[in-house]
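Novice: sequence and computational prediction follow.
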Number of protein chains: 2
Amino acid sequence: MGTETYSISELARELGINPSTIRYYEHKGLIMPGRTGGNQRVYTARDRARLKLILRGKHFNATLEQIGEMIGPADRDMTEKNQIDKSLWYIDRRMEEIVKQKKELALFESDLLSLRKKLVRRKRELAK
Amino acid sequence: MGTETYSISELARELGINPSTIRYYEHKGLIMPGRTGGNQRVYTARDRARLKLILRGKHFNATLEQIGEMIGPADRDMTEKNQIDKSLWYIDRRMEEIVKQKKELALFESDLLSLRKKLVRRKRELAK
DNA sequence: GCTTAACTTAAAGTTAACTTTAAGTTTAAT
DNA sequence: ATTAAACTTAAAGTTAACTTTAAGTTAAGC
């Protein structure tokens, strides 16, 4: 029942990142896990989902700051209309960028393909 | 007739980057423009094409080092079979990554969409 | 010929995003 | 109860990719 929690190193191992990186994200305000009696960090499924979202965003060039703006502050429970509107605004901007990125990706792919062709042709020249 | 050349600042302006950035790429071995009698850099159409390729690669996460490996050294005229094979190998690796990147992009897009939905729902809750 | 914008180099400075370190504290296993 | 692994903080260190600076040199317009 939705009560599974993780220590920082479990989560880090699962996500393939350094525990320090997770602490760094916290330092930057992107997550805010709970603590045990002895002050050690405890991560919930929600924290894990946030982290995955952060990593996915990172994977194609969003800065941590942009990601923070999209997913909203970690502490607040997103109960304020203003905050929701702000997040929505950033999400919509990012969606526009995704469209652009898709186009750029296609262009780069075709650039690479034509570079590839050129190289193959040159190689054939050399072989003869 | 294919003889158009550019100064560093012309090229920088056209590409929307800092002249220092172009010098930095040269420092890293990615381009190697000619020089005037007075030692100032002269860029050809070929240099310009290389730069555009670098910028496009950058736009979605290739490091300068990876780019350098794909497009080959700036000085050599790509007349050596080994060098061509090396470039081809890196190009093919990058193409594989492009496929992955496309998938990730789609995943991120759907993550963002579901985050968006959640936010809209919560906003509606607050409004009632 | 003079001025000034654009260029030259090499080195230092900047920023984002970590990563490492040091010196201690907590938890888990025996 | 002891030991070792995992944790804690704050600060310093690292890396890539620039950007800025300083002290000159070259080129273009008048």
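Specialist: Sure, I can see it. Numbers count the residues shown, from 1 in each chain, chains lettered A, B, ... in the order given.
Novice: low-scoring stretches of chain A, by residue?
Specialist: Low-confidence segments of chain A, defined by pLDDT under 70: A:1-2, A:75-78.
Novice: and it, which of its residues are near DNA strand D?
Specialist: Within chain A, the residues that sit near DNA strand D (Cβ under 7 Å from any atom of the strand) are A:S7, A:I8, A:S9, A:E10, A:P19, A:S20, A:R23, A:R35, A:N39, A:Q40, A:R41. For the C-beta atoms, the positions are set from N, CA and C on the backbone; glycine is no exception.
Novice: can you list those in TSV and add secondary structure, neighbour count and distance to A:G29?
Specialist: Listed next are the residues of chain A next to DNA strand D as TSV, based on DSSP: H, G, I helix; E, B strand; the rest coil; neighbours: other Cβ atoms under 10 Å in any protein chain shown; distance: Cβ to Cβ, whole Å:
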residue	secondary structure	neighbour count	distance to A:G29
A:S7	coil	15	21
A:I8	helix	18	17
A:S9	helix	12	22
A:E10	helix	13	22
A:P19	helix	15	18
A:S20	helix	11	16
A:R23	helix	15	12
A:R35	strand	10	17
A:N39	coil	6	19
A:Q40	coil	11	20
A:R41	strand	21	15
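Novice: tell me the one among the residues you listed nearest to DNA strand C.
Specialist: Nearest to DNA strand C, judged by Cβ to the nearest atom of the strand, of the residues of chain A next to DNA strand D is A:S20 at 3.1 Å.
Novice: does any part of stretch A:105-121 sit near chain B?
Specialist: Yes. Stretch A:105-121 is in contact with chain B by Cβ under 8 Å from any Cβ of the partner chain, via A:L105, A:L107, A:F108, A:E109, A:D111, A:L112, A:L113, A:L115, A:R116, A:L119, A:V120.
Novice: just the buried members of the residues you listed?
Specialist: Buried subset of the residues of stretch A:105-121 next to chain B (neighbour count, 16 or more other Cβ atoms under 10 Å in any protein chain shown): A:L105, A:F108, A:E109, A:D111, A:L112, A:L115, A:R116, A:L119.
Novice: re earlier: out of the residues of stretch A:105-121 next to chain B, which comes closest to DNA strand C?
Specialist: For the residues of stretch A:105-121 next to chain B, the nearest to DNA strand C is A:L105 (20.0 Å; Cβ to the nearest atom of the strand).
Novice: re earlier: got a markdown table for the residues of stretch A:105-121 next to chain B, with distance to B:G57 too?
Specialist: As requested, these are exported to a markdown table (distance: Cβ to Cβ, whole Å):
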| residue | distance to B:G57 |
| --- | --- |
| A:L105 | 11 |
| A:L107 | 11 |
| A:F108 | 6 |
| A:E109 | 11 |
| A:D111 | 8 |
| A:L112 | 9 |
| A:L113 | 14 |
| A:L115 | 11 |
| A:R116 | 14 |
| A:L119 | 16 |
| A:V120 | 20 |
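Novice: can you redo those residues as TSV with distance to A:E14 and secondary structure?
Specialist: What follows is the residues of stretch A:105-121 next to chain B, written out as TSV (distance: Cβ to Cβ, whole Å; DSSP: H, G, I helix; E, B strand; the rest coil):
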residue	distance to A:E14	secondary structure
A:L105	28	helix
A:L107	35	helix
A:F108	31	helix
A:E109	32	helix
A:D111	36	helix
A:L112	33	helix
A:L113	37	helix
A:L115	38	helix
A:R116	37	helix
A:L119	41	helix
A:V120	42	helix
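Novice: what lies in contact with stretch A:27-44?
Specialist: Under the contact criterion Cβ atoms under 8 Å, 6 or more residues apart in numbering or on different chains, stretch A:27-44 has outside partners A:4-8, A:11, A:22, A:25-26, A:47, A:50-51, A:54, A:64, A:67-68, A:71, A:73-75.
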